[in-house]
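Participant: Got a predicted structure here, sequence first:
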Amino acid sequence: MRSKTIIDLYAYWDELRGRRDVPDRGQIEPAHIRTLLAELFILERTPRVDIRFRLAGTRICALFQRELRGSAFDALWRGEQIGRIASLAAEVMAQKMPVVLCASALAANGDQVGTEIILLPLKSPDGAVDRIVGALAPLSKPHWLEATPVNYLRLGDTRTLDTEKASLLRRDHAETSPPRTPSRLPERTFSGAIRRVLHLSVLDGGRRD
């Protein structure tokens, strides 16, 4: 992991899960990861068994210059890679294992920038692992970034994280860990909490925690 955003989100997810394989999605407190929200997204498995954005941070939407909520996660990728991306996201949920992706973000004029993406599984109250919290972080900031839209992502390396080894990152990034007795936000749902923070676009509807 190279991006601070990716490292910090992993450390937060790892702290929440404790000794379990996967944390509950209701544990996430946006106020505790306020600095990460603009590059954060939530994916959900729909009844049609495809994987779509439930919400996406403002920097991610600015990168593509369009609202991503409700759109298919694999639609951001080159056509020949769509099946592989769909399978990767499904495996993150099925195997309950975090994955880090390296990808190039390509604009129509040929400009490109390297990005790092993390996919972390989340559990529903009924026990199903049907959501992913993730982040997409550019590894540099060229002058054209957010002025010229990215058309698609081209997948590079992928890596399944060894959660035992990666947990050591928490010691160096403790500032993102939740307090032992976190104060609850007045709005109890995850979507409501994010509206208070005002850094993310939220897809209404669906299940509420």
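Facilitator: Now that the structure is in, tell me what you want to look at.

Participant: how about the helices in the protein?
Facilitator: 4-17, 58-64, 82-95, 163-166, 190-197 (DSSP state H).

Participant: So for Thr148, which of the ones you listed sits nearest?
Facilitator: helix 58-64 (9.9 Å; Cβ to Cβ). Every C-beta, even on glycine, is put in place using the N, C-alpha and C of the backbone.

Participant: Name the residues linked to the residue nearest the centre of the chain by a beta bridge.
Facilitator: The chain has Gly134 as the residue nearest its centroid, 1.3 Å off, counting by Cα atoms, centre = their mean. Beta bridges link Gly134 to Phe41, Leu119, judged by DSSP bridges.

Participant: List the contacts of it.
Facilitator: Contacts for Gly134 (Cβ atoms under 8 Å, 6 or more residues apart in numbering) come out as Leu9, Leu40, Phe41, Ile42, Leu43, Ile117, Ile118, Leu119, Leu120.

Participant: just curious, which of those residues is nearest to Val99?
Facilitator: Leu119 (4.9 Å).

Participant: any idea where the strands of this protein begin and end?
Facilitator: With DSSP state E as the criterion, the chain has strands at 40-45, 51-57, 99-107, 112-123, 129-138, 150-160, 200-202.

Participant: Which one, of those, ends up nearest to Glu80?
Facilitator: Each of the strands of the chain has some distance to Glu80 by Cβ to Cβ; the shortest is strand 150-160, at 9.8 Å.

Participant: Which secondary structure elements does that closest one sit against?
Facilitator: In terms of contacts (3 or more Cβ pairs under 8 Å, 6 or more residues apart in numbering; DSSP states H and E), strand 150-160 is packed against helix 82-95, strand 99-107.

Participant: make it 6 Å
Facilitator: With contacts taken as 3 or more Cβ pairs under 6 Å, 6 or more residues apart in numbering; DSSP states H and E, strand 150-160 sits against strand 99-107.

Participant: Next, the angle helix 4-17 makes with the strand it packs on.
Facilitator: With axes from the mean of the first three to the mean of the last three Cα atoms, to 10 degrees defining the directions, strand 99-107 sits at 150 degrees from helix 4-17.

Participant: ok, for Gly156, nearest residue in space, not its chain neighbours?
Facilitator: In space, and not counting its chain neighbours, Gly156 is closest to Cys102: 4.1 Å by Cβ to Cβ, 6 or more residues apart in numbering.

Participant: how near is that neighbour to Arg154?
Facilitator: Counting by Cβ to Cβ, to the nearest Å, the separation of Cys102 from Arg154 is 10 Å.
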